[in-house]
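> The amino acid sequence is not available; the structure is as follows:
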């Protein structure tokens, strides 16, 4: 079993920044991917960003150019640097891990408990 624990959420004004962290107890496979998803009230969980063993990363259209995903594999920790935050970024953010792909919720094998991010205008 893989346990994922997020931290770093909070409240910030529009234009501000936050950094989320996710500590993993272990990685699910040698080809694993990790990512961030978010879910606002009344909306479906959506992809934010994901990172792969070949060093590549990808982002959802709504966060491109503002968010950066990174990881420290020595510490089993995933990060999400969020800059130029907007009120529409308000959501619960979930850390996720998959054995191969992390594009969609169906591909995710493990989820964190979520951390709340609130952006005020």
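Ah, there it is. All of these numbers come straight from a predicted model, not from anything done at the bench.

> Quick check: which element contains the residue nearest the centre of the chain?
In the chain, the centroid-proximal residue (Cα atoms, centre = their mean) is residue 36; its distance is 2.0 Å. Per DSSP states H and E: residue 36 is located in strand 33-39.

> Can you tell me the closest non-neighbouring residue to the residue nearest to the centre of the chain?
residue 48 (4.2 Å; Cβ to Cβ, 6 or more residues apart in numbering). C-beta: built from backbone N, CA, C; applies to glycine.

> Assess the claim that that neighbour and residue 34 are in contact.
No. Here residue 48 does not reach residue 34: they are 11.6 Å apart, not a contact under Cβ atoms under 8 Å.

> More neighbours: which of the two?
Legend: neighbour count by other Cβ atoms under 10 Å for residue 48 and residue 34, higher for residue 34 (28 against 23).

> mind listing what the more buried one touches?
Listed by Cβ atoms under 8 Å, 6 or more residues apart in numbering, the contact partners of residue 34 are 22, 24, 50, 51, 71, 78, 95, 96, 97, 98, 102.

> these two touch, right, residue 105 and residue 35?
No. Judged on Cβ under 8 Å, residue 105 makes no contact with residue 35 at a distance of 10.2 Å.

> So if I had to pick from those two, which one is more boxed in?
residue 35 (28 against 16).
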